[in-house]
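model the structure of this input:
(chains A, B and C)
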Amino acid sequence: MTAFYILSPIMVLAALGILFVRKAVHAALLLAVVMMSLAILYAALDAPFLFAVQIIVYTGAILMLFLFVVMLVGVDASDSVIETIRGQRLFAVIGGLVLGVTLVVGLGQISLGTVVGLDEANDHGNIEGLANILFSKYVFAFEVTSALLITAAVGAMVLAHRERLSPKPTQAALAAQRVTAYAESGQHLGPLPPPGVFARHNAVDTPALLPDGSTAAASVSRVLAARGTVRSAPRDVDEVQRAIDFHPDGTPVSETSPDGRSVAPTRGPGSSSGPDLSPDQGGS
Amino acid sequence: MHSVTPFIVLSSILFTIGAVGVLTRRNAIVVFMCIELMLNASNLALVAFAKQHGNLDGQIAAFFVMVVAAAEVVVGLAIIMTIFRTRRSASVDDASLLKY
Amino acid sequence: MMFTLADVPVVDPTTADGVFSLAWVVIALPLAGAAILLIGGAIAPRQFASFGHLLGCLLPIGSFVISLAMFIALLGRDDDDRQLSQHLYSWIDTGTSGQGLHVGMDLLYDPLSALFLLLITGVGSLIHIYSIGYMEHDARRVRFFGYLNLFVASMLMLVLSENYLGLFLGWEGVGLASYLLIGFWQHKHSAAYAAKKAFVINRVGDMGMSTAIMLAFVTWGSTSFTVISANADGASQKAMTAMGLLLLLGACGKSAQVPLQAWLLDAMEGPTPVSALIHAATMVTAGVYLITRSNFIFERAPDAQTAVVIVATVTLLWGAIIGCAKDDIKKGLAGSTMSQIGYMMLGAGLGVAGYAFAIFHLLNHGFFKANMFLGAGSVMHGMDDDVDMRHYGALRKAMPVTFLTFAMGYLAIIGFPGFSGFWSKDKIIEVAVDQNWVVGICAILGAGITGFYMTRMMLMTFFGDKRWEKDVHPHESPLVMTVPLIVLAALSVLGGVMLIGGWIEDFLAPVTGFAEESHPPIPAWAVSVIVVLVVAAGFAIAYYFFGRQEVPRTAPQDVSFVTRAARQDVYGDAINDELVVKPGRALTHGLAAFDTAVVDGTFSGGAVAVGGVGVLTRRLQNGFVRSYALSLLGGVLLVVLALLAVNLA
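I've put the predicted structure just below:
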C-alpha cells in the first residue's frame, strides 16, 4: 500500500493538472505521469502483465500518437482555457463534484468483504494464467479484437489520407505564381528575410530588424509566432549598436569609432542588457 | 493488503476528473486525453476487482479495454486530423453546425 | 273508432305458381330496358336513336300484358286466396336463422298490387307511346326512354315488394328517376334547381321512411309485411304511433303533402310526359299506397291516422288554392294534383272505410290527371312550348281532339255526375262527413274550389278569344300523341264502373278489410247533391270571372291577398326558407365558426403549443458536443444515484 499512498496524490494532482494546463503538450506529459503511476499500481495489484502493457501500449504507443497529433495540429486558439459556452464550466464542475462525492461516499459505504487475492490464480505465473483464460474463455472476443484493430488501422488511413485533387505545381508554375503576385500586389520577389539579422541573437526565433529599426514579421516562422515563443527584437538600432560597441560595463569595445559606430560587426560574447533578453548567450 | 477500496475510490476520483475535463476543455486532443484518463480509471477499478475476487477475468477485461482504447484513439485522432485540415481548428466547439 | 281490429286482414300469401310466377318479369322487363337504353345509348348513340324509343315502349307494354294476364288469373281465384308471394333470392342474410337480419327479395302479388300494376304499366305504356311524339325532336330521346323505363321498373318494385326494405329500394329508385327526369333539360337552370329541390325535400321524407324501417326491424325483427301484420298486436302503442308518423313523413315527402309539398310545383320543369307519369299518375301516389299497404299499422295507431287526416285536409285545400291562381297550365295542374292526392290521403287516413275509395280515387286520378297533363302537353306542343294560359284561348277549334279529351278529364276531376271522379271523390267525402263533419266540410269546400280552378283552366285555354302570338300556329298533335289521349279520356269517363256493385271494395277487401255498414247522419244521396251543388257554384264563379269577361294577357297585379298568396304557392317556399333554410344556414354558419374557432383552434392551438415547446427546447440542441456531454453526465448522475438509492436503502 505504500506505493498507493505515494502515488495516489501524485496521480490526482497530475490529473487535475490536465484540467488546468493551457498547452496540449503539457497535458500529454501530465497524462503520462498518471499512466506510469497506474502501471505501478497494476504491479502492486498483482498484475505484472498489465503493468508491462500499460507502459508499452499506453504510455509508449498511445501517448506518442497523441504527441504526434499535437505536433501535426500545432497550437491553436482551442488551447485557451477561457470558457465560451455560458454555464458550461459551472455546471460541469458542480456535476463533477456531485458525481465524485457520490461515488466516493457511496463506495466508501460498501463493504467488499475480504480480499481473495490472486496468489492462487497467479500460481503458475500471471501471464500464463491470463493466457489460459484469453485463449480459451475469451478467444472469440480476442479474435474479434483483431478484426477491430485491422478495421481501425484501415479507418485511420482512410481518414488521414488526403487525395490530391490538383496536379502538384511545378517549379515553373511556382515561379510564375510569385511573379504574378509581385505584379498584382507588389509582394517581394526574393526570398524571405532571414531571422536574426541586426538582432543580438542569431536565432530563428528572433525577428530581423529592418533599416528603420522595426521588426520584419516575415523573418520568423509563422508557427513560432502563433506559439508565442518569438523573442522580441530590440526597439531601435541605436540600442543594438550600443550593445555591439560597448561592453556591459560601459567600456568601449574599440577605440576606432569615437562616434559609437562600428565599422566591422563584432561578435562578442556580451551578456544581455535588455530586460527582454533570455539569459542564453546566443548561438553561432 | 486488507482492502481494495482505496483503489476503487482513486479510480472514481480519476474518472470524475476525466469527466470534468471532457466537459470543460475545448481542445479536441485534450478532450481525448481526458477520455483516456476515464478509461484508465475504469481499468484500475477492473484490476482492483480482479484482486478482490481472486480471478483474472478483470485483468482480461482491462486488457481488452486497452486494445479497444488503442483502436479508438487511432480512429479518433485521425478524425481530429481531418477536422483540423478542413476547419483549421481542433476546437470541439467549432464543430457545432449540427444544431437547430 | 267504429272498427275493430279484427277487420284488418293479415298478409298471408301463398306461393305463386302458374302465370303468377312471372311477377318478377314485370319488373325485369323495364329494368332491362333501362340498362340497355342507358348503356347502349351511351356506347352507340346513333344506332340506338333509330329504335331506342320503340324498345323503350315495348318493354312496359310487355309488362302490361303480363300484369293483365296475372290480373285475370287473380280474378279467377277465390277471394281468400288472392295473396301470392314469390321468393326470388335472399337479399340480406346475416346472423343465424331466427336472429340477425334476414331480408328476402320477395314479391307480393295481391289485389292492391294488381291494381297498381295495371295502372303503372297501362298508363305508363300510354305515356311512353305519347313520348315518342312529344320527345321526337329531342336529341337525347333514348336516354329519356331509359330513364322512363328505370322509373317504371322502380315503381313496380315499390308496389310488388313483400317487405319494407324492397319497397324502400323502389321508393329510392323512383326518387332517383324523378330527379333525373325533372332535371332532364339540365341546361335550364330552373330545371336543375327544381331537380335538386325535389331531391332534397324527398330526402327529408326518406329519412322518416328509413327510420320507420329500422323501427320495424327493432320491433319485429323483420320488415316483411307478412311477419309484421301477423305480429302487429305484439308491439306497443308507442311503437305503432311512431311507426305510423314516420311512414306518414315518408308519404308526405313522396306525395307532396304539407309540409313537404314545395317541390311538386317546381317539378313541372321536367318534360310533360314526366309530369303526367311521375308527378301525377304514379309516383306521387306512392304515399297513398304506402299508407294503404301499412293499414295493419295505421289501424292500431289512431293518433297517426288523425295526423294523416289533418295533413290530407290541409293539403287538399292548399293545393286547390294554389291551383286557382296559377297561370302556368302545368303548375295549375300540379296544384290540382296536390289537392287530389290530399283527397286520397284523406281516404287512406279514414281507415278501413276509406282505403278502397282512396285507391279507387287514385286509379281514377291516374287516368284523368294523366289525360289532362298529356292534353296540356299537347297544347304546349301546338303553342311552341308556351305554358302561360293567358296566351291561350279559343283553342278548342285548333285542336279538337285535345279539347275533347281534356274536357273528359275536366268533367271527371270536378266530379260531374257519371264521370269517374264523381264516384270516387263522392265516396271519400261521404266517409269523411260520416266520420268528422269539419273534415267533411273542408273536403266539400275543396271540391268546390276544384270546380272553380278547373273551369278557369278550361275557359282560359279552350274558350274565349284567342290571345296567342301572331307567329304561333296552334295545330293538333300527331296520332301517336292523340291516341293515348283518347284511351285515357275513355278511362276517365268509365273509371266509375269499378264501383258497380261495390266491386272495388270487395276486390280490395282481402288487403284493406271489410268496412261495417255505417249509419251516416246525412244520407249518401244528400251528400252527393251537396257536392254537386258546391261544384256547380265553383263553376259559376269561374264562369263569371273568366267566361264572360276578357282575360288579360298579363296577370293583373292589383289582386286580393288570397290571390297573391296562391301565386306564391301559399308561401310554401317562404315558410321553408324561414323555418328550415335560414335556421339551417345560421346553424351551418355557427358550426363553421365553431369549427374554425374551437375545433381548429384546439388542433392548431395544440400544434402551436407543441411548436412553442419546440422553439424553447430546441435551444438545448446548440450543436456543442460538450453541452451534450454535460447532459450525459446528468444522466450518469441520476443512474448512479438511483443505484445507490436502491442498494443502500
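
least trustworthy helix or strand in chain B by mean pLDDT?
Counting by mean pLDDT, DSSP states H and E, chain B has its least confident helix or strand at helix B:57-87, which shows a mean of 90.

which bits of chain B sit near chain C?
Applying CB under 8 Å from any CB of the partner chain, we find that chain B lies next to chain C at B:19, B:22-24, B:26, B:92-93, B:95-100. Where you see a C-beta, it was placed from the backbone N, CA and C, and this is true even at glycine.

dump the residues you listed to a markdown table, plus secondary structure, distance to residue C:296 and neighbour count.
Converted to a markdown table, the residues of chain B next to chain C look like this (DSSP: H, G, I helix; E, B strand; the rest coil; distance: CB to CB, whole Å; neighbours: other CB atoms under 10 Å in any protein chain shown):
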| residue | secondary structure | distance to residue C:296 | neighbour count |
| --- | --- | --- | --- |
| B:19 | helix | 90 | 25 |
| B:22 | helix | 91 | 25 |
| B:23 | helix | 90 | 24 |
| B:24 | helix | 94 | 22 |
| B:26 | coil | 95 | 25 |
| B:92 | coil | 91 | 23 |
| B:93 | coil | 91 | 20 |
| B:95 | coil | 88 | 18 |
| B:96 | coil | 86 | 15 |
| B:97 | coil | 84 | 6 |
| B:98 | coil | 80 | 8 |
| B:99 | coil | 80 | 12 |
| B:100 | coil | 76 | 11 |
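
which one of those residues is nearest chain A?
Distance to chain A across these (CB to the nearest CB) is lowest for residue B:23, with 3.6 Å.

nearest spatial neighbour of the closest one, skipping sequence neighbours?
residue A:92 (3.6 Å; CB to CB, 6 or more residues apart in numbering or on different chains).

surely the one you found and residue B:20 touch.
Yes. Look at residue A:92 against residue B:20 with CB atoms under 8 Å: they come within range, at 5.5 Å.

coming back round to it: is the residue nearest to residue B:23 in a helix, a strand, or coil?
Under DSSP: H, G, I helix; E, B strand; the rest coil, the three-state class of residue A:92 is helix.

how many other residues sit next to it?
Other residues near residue A:92 come to 25 when the count uses other CB atoms under 10 Å in any protein chain shown.

likewise for residue B:46?
For residue B:46, using other CB under 10 Å, the count is 22.

elements contacting the helix or strand where it lies?
Assigned by DSSP states H and E, residue B:46 belongs to helix B:28-53. Counting contacts by 3 or more CB pairs under 8 Å, 6 or more residues apart in numbering or on different chains; DSSP states H and E, helix B:28-53 is packed against helix A:2-20, helix A:24-44, helix A:63-73, helix B:5-24, helix B:57-87.

now check the longest one, is it near chain A?
Meaning helix B:57-87. Yes. Against chain A, helix B:57-87 shows contacts by CB under 8 Å from any CB at B:57, B:59-60, B:62-64, B:66-75, B:77-82, B:84-85.

which among those end up buried?
B:57, B:59-60, B:62-64, B:66-67, B:69-75, B:77-81, B:84 (16 or more other CB atoms under 10 Å in any protein chain shown).

you'd agree residue C:89 is up against residue C:104?
Yes. Judged on CB under 8 Å, residue C:89 makes contact with residue C:104 at a distance of 7.3 Å.

the more surrounded of the two?
Neighbour count, other CB under 10 Å: between residue C:89 and residue C:104, residue C:104 has more, with 21 against 8.

list the contacts of that one.
Shown in contact with residue C:104 (CB atoms under 8 Å, 6 or more residues apart in numbering or on different chains): C:87-91, C:162-163, C:224.

go again using 6 Å as the cut-off
Residue C:104 makes contacts with C:87, C:90, as judged by CB atoms under 6 Å, 6 or more residues apart in numbering or on different chains.

got the CA positions of the helix or strand harbouring it in CSV?
Per DSSP H and E, residue C:104 falls inside strand C:102-109. Taking Å, rounded to 0.1, in the frame of the first residue of the first chain, the C-alpha atoms of strand C:102-109 are listed here in CSV:
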residue,chain,number,x,y,z
HIS,C,102,-82.9,-11.7,-43.0
VAL,C,103,-84.4,-9.9,-45.9
GLY,C,104,-85.6,-11.8,-48.9
MET,C,105,-86.1,-10.4,-52.3
ASP,C,106,-89.7,-11.3,-52.1
LEU,C,107,-92.6,-10.2,-54.3
LEU,C,108,-96.2,-9.9,-53.1
TYR,C,109,-99.0,-10.0,-55.6
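
what is the mean pLDDT for it?
For strand C:102-109, the mean pLDDT works out to 90.

stretch C:334-343 now?
93.

equivalent analysis for stretch A:3-16, please.
Stretch A:3-16 shows a mean pLDDT of 94.

got a list of contacts for it?
By CB under 6 Å, 6+ apart, stretch A:3-16 touches A:30, A:33-34, A:37, A:40, A:44, B:10, B:14, B:17.

what is the nearest of those to chain C?
Among the contacts of stretch A:3-16, residue B:17 lies closest to chain C (CB to the nearest CB), at 12.7 Å.

neighbours of residue C:562, just the number please.
12.

which residues does stretch C:351-368 contact?
Counting by CB under 6 Å, 6+ apart, residues outside stretch C:351-368 touching it are C:3, C:7, C:119, C:123, C:281, C:285, C:288, C:292, C:295, C:340, C:343-344, C:347-348, C:409, C:412-413, C:420-421, C:424, C:427-428, C:431, C:488, C:491-492, C:495, C:504-505, C:508, C:512-513, C:515.

what ranges do the strands span in the stretch 201-350 of chain C?
Taking DSSP state E, counting those that start in this stretch, the stretch 201-350 of chain C contains no strands at all.

name the residue of it that lies nearest to chain B.
At 54.5 Å from chain B, residue C:203 is the closest residue in the stretch 201-350 of chain C, using CB to the nearest CB.

give me the nearest residue to that residue, chain neighbours excluded.
In space, and not counting its chain neighbours, residue C:203 is closest to residue C:253: 7.7 Å by CB to CB, 6+ apart.

residues contacting the one you found?
Residues counted as contacts of residue C:253 (CB under 6 Å, 6+ apart) are C:202, C:204-205, C:260.

in terms of pLDDT, where does it sit?
With respect to pLDDT, residue C:253 scores 92.

over to residue C:3?
Looking at residue C:3, its pLDDT reads 41.

quick revisit: any chance of the helices and strands packed on helix B:28-53 in CSV, plus distance to residue C:392?
Shown next, in CSV, are those (distance: least, CB to CB, whole Å):
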stretch, distance to residue C:392
helix A:2-20, 113
helix A:24-44, 113
helix A:63-73, 109
helix B:5-24, 103
helix B:57-87, 98
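
what residues does chain A have near chain C?
For chain A, the residues in contact with chain C (CB under 6 Å from any CB of the partner chain) are A:85, A:91, A:95, A:99, A:102, A:106.

out of the residues you listed, the closest to chain B would be?
The shortest approach to chain B among the residues of chain A next to chain C belongs to residue A:99, at 5.3 Å (CB to the nearest CB).

now the closest one: which helix or strand?
helix A:88-109.

number of residues surrounding residue 181?
Since no chain was named, I'll use chain A. 13.

my question was about chain C
When neighbours are defined as other CB under 10 Å, residue C:181 has 28 of them.

how much space separates the closest residue in space to it that isn't next to it in sequence from residue C:457?
Ranked by CB to CB, 6+ apart and with sequence neighbours excluded, the top spatial neighbour of residue C:181 is residue C:274, at 4.2 Å. Distance of residue C:274 to residue C:457, given as CB to CB, to the nearest Å: 20 Å.

how about residue A:145?
To residue C:457, residue A:145 is 109 Å away according to CB to CB.

who has more neighbours out of those two?
Ranked by neighbour count (other CB under 10 Å), residue A:145 and residue C:457 place residue C:457 first, with 27 against 17.

roughly how far apart are that one and chain B?
82 Å (CB to the nearest CB, to the nearest Å).

mind listing what that residue touches?
Residue C:457 makes contact with residue C:332, according to CB under 6 Å, 6+ apart.
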